[in-house]
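J.: pasting the sequence and the predicted model now:
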Amino acid sequence: TQLLEQSPQFLSIQEGENLTVYCNSSSVFSSLQWYRQEPGEGPVLLVTVVTGGEVKKLKRLTFQFGDARKDSSLHITAAQPGDTGLYLCAGERNEKLTFGTGTRLTIIP
Amino acid sequence: ETGVTQSPTHLIKTRGQQVTLRCSSQSGHNTVSWYQQALGQGPQFIFQYYREEENGRGNFPPRFSGLQFPNYSSELNVNALELDDSALYLCASSTDSTQPQHFGDGTRLSIL
C-alpha cells in the first residue's frame, strides 16, 4: 500500500496550458521530494522541500509543501511537450523514502 | 548521467528460479537503496545498505536479500521467484542517507 496518494493519476493536456499535481498523505514527513521519470530510465530528482509552507520555483515549475508537512503540490505553467513523463512525489522519514502512486503527464503539441 | 549503473537491463526468469541483480555506484556513495516499481506504480522501498550493513527494510519477504561491497557495488537477490515479482528494480545511491539519492535506470525483470 502506498502512503502517498497522487492525483490525478493520468493527465493529458494541450501545450501551453497550466496544470497542478497533488500529493497527499495522512503522515508527516521530514521533507518531500519530487521526481520525474521517463520511459526506460530511473527517477530524476527535481526538488526537495523541507519546511512547512515552503514554496520553490524551478523555471515553469512551482513546488509547495503543505503547512503540516503532509501534502505537496506541483504546478506547471505553460506546459511543453518536454514536460511529458511520470511525476513522483516521495516523502522522507527516518532517512527513508516513501514514493507516491505517480502522475503520468502527457503534453500534446 | 547519475553515475549509477545497473545490470542487466532486462531479464526473463520462470517461477521458482533465483535471480541476482547488480548495481554499481559512484565512488564515495556509502548508501545504496533498492526499490521495486510495478507497472503503473511508484517505487516501493525494499531495503537500504550503509557501509555493507543493512540499514532499514521495507515490507518485503526474506526471499529478497542484498549485499553491498567495499567497491561501491551491490546486489539484490530474489529467491523462489513469483509472478508478482515482475517489475522494474531500481537502485539508488548517495554519500549518506541524508543526501539526495541518484537512481540507476533499473533492471526490468519479467517472470513467466
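T.: On my side now, so go ahead.
J.: isn't B:Gly106 up against B:Leu76?
T.: No: contact between B:Gly106 and B:Leu76 fails when scored by C-beta atoms under 8 Å: they sit 11.1 Å apart. (C-beta placed from N, C-alpha, C; glycine too.)
J.: quick check: neighbours shared by these two?
T.: B:Tyr89, B:Cys91 (C-beta atoms under 8 Å, 6 or more residues apart in numbering or on different chains).
J.: low-confidence ranges in chain A?
T.: The model of chain A has pLDDT under 70 over residues A:1-2.
J.: list the contacts of the closest residue to chain B within chain A.
T.: Minimum separation of chain A from chain B (C-beta to the nearest C-beta) falls at A:Gly42, amounting to 3.2 Å. Neighbouring residues of A:Gly42 by C-beta under 8 Å, 6+ apart: B:Thr2, B:Val4, B:Leu90, B:Ala92, B:Phe103, B:Gly104, B:Asp105, B:Gly106.
J.: ok, and which of those reach chain A?
T.: Among the contacts of A:Gly42, the residues lying close to chain A (C-beta under 8 Å from any C-beta of the partner chain) are B:Thr2, B:Val4, B:Leu90, B:Ala92, B:Phe103, B:Gly104, B:Asp105, B:Gly106.
J.: which one (most neighbours) among those?
T.: Highest neighbour count within the ones next to chain A among the contacts of A:Gly42: B:Leu90, with 28 neighbours (other C-beta atoms under 10 Å in any protein chain shown).
J.: which SS class is the nearest residue to A:Gly82 once chain neighbours are set aside?
T.: Distance criterion C-beta to C-beta, 6 or more residues apart in numbering or on different chains; nearest residue to A:Gly82, sequence neighbours excluded, is A:Ile107 at 7.7 Å. Under DSSP: H, G, I helix; E, B strand; the rest coil, the three-state class of A:Ile107 is strand.
J.: follow-up on the earlier one: I'd like the ones next to chain A among the contacts of A:Gly42 as JSON lines, with distance to A:Cys23, secondary structure and pLDDT appended.
T.: Shown next, in JSON lines, are the ones next to chain A among the contacts of A:Gly42 (distance: C-beta to C-beta, whole Å; DSSP: H, G, I helix; E, B strand; the rest coil; pLDDT from 0 to 100):
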{"residue": "B:Thr2", "distance to A:Cys23": "23", "secondary structure": "coil", "pLDDT": "68"}
{"residue": "B:Val4", "distance to A:Cys23": "24", "secondary structure": "coil", "pLDDT": "94"}
{"residue": "B:Leu90", "distance to A:Cys23": "19", "secondary structure": "strand", "pLDDT": "98"}
{"residue": "B:Ala92", "distance to A:Cys23": "19", "secondary structure": "strand", "pLDDT": "95"}
{"residue": "B:Phe103", "distance to A:Cys23": "18", "secondary structure": "strand", "pLDDT": "95"}
{"residue": "B:Gly104", "distance to A:Cys23": "24", "secondary structure": "coil", "pLDDT": "96"}
{"residue": "B:Asp105", "distance to A:Cys23": "24", "secondary structure": "coil", "pLDDT": "96"}
{"residue": "B:Gly106", "distance to A:Cys23": "22", "secondary structure": "coil", "pLDDT": "97"}
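J.: ok, those residues vs chain A, which is closest?
T.: Checking the ones next to chain A among the contacts of A:Gly42 against chain A by C-beta to the nearest C-beta gives B:Phe103 as the nearest, at 3.2 Å.
J.: wait, what's in contact with that closest one?
T.: For B:Phe103, the contacting residues are A:Gly42, A:Pro43, A:Val44, B:Thr2, B:Val4, B:Leu90, B:Cys91, B:Ala92, by C-beta under 8 Å, 6+ apart.
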